[in-house]
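Chemist: Predicted model, plus sequence, below.
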Amino acid sequence: PKHLRYSEELNDPEVLAMQFSNILQLVKNHKCAWPFLKPVSAAEVPDYYDHIKYAMDLKTMSDRLKARYYVTRHLFKADMNRIFTNCKIYNSPETEYYQCAEKLEIYFNNKMKEAGLME
Ligand SMILES: COc1cccc2onc(N)c12
């Protein structure tokens with residue numbers, strides 16, 4: 001029956017890539033995604049890379065997706081969560097950046113749950 005997700009389909013890299021692509025597109029289109037669309041500029045934020053050793057952004061994630069890097073949901077989640085944790089390390093809670101990270105994280109987790117990728 002269609003509702004049964006056979007093991008190979010759950011882990012099929014092609015199926016996962018499609019799901020990650022759909023979720024990544026939705027996240028990029030969220031109104032709170034704007035601070036995270038591209039790498040933080042060292043020119044605009046000179047001390048950023050003194051604080052943040054493992055930077056991540058949504059453009060880099062798109063490049064990694066295209067390069068077939070995301071072969072498991074753990075790898076995809078790890079990069080997305082890095083975006084949120086970096087933002088909460090560098091920015092204080094009352095900033096728009098921090099509050100965008102919180103809202104985008106809730107949205108991301110809901111989309112992952114809807115796709116059955118959050119167990
Ligand atoms: C344009 O994004 C930024 C500008 C300035 C500081 C920042 O911390 N985290 C960010 N995404 C960020």
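Modeler: Perfect, I can see it now.

Chemist: what about the strands in this structure?
Modeler: In the chain, no segments count as strands under DSSP state E.

Chemist: near the ligand, which residues of it?
Modeler: 35-36, 40, 45, 87, 90-91, 97 (C-beta under 6 Å from any ligand atom). All C-beta atoms are positioned from the backbone trio N, CA, C, and that covers glycine.

Chemist: go again using 5 Å as the cut-off
Modeler: With the criterion set to C-beta under 5 Å from any ligand atom, the chain comes near the ligand through 35, 40, 45, 87, 90, 97.

Chemist: From what I see, the last one and Cys87 are in contact.
Modeler: Yes: between Tyr97 and Cys87 a contact is recorded at 5.6 Å, counting by C-beta atoms under 8 Å.

Chemist: Looking at these two, which one has more neighbours?
Modeler: Each of Tyr97 and Cys87 has its neighbours counted (other C-beta atoms under 10 Å); Cys87 has more, 23 against 17.
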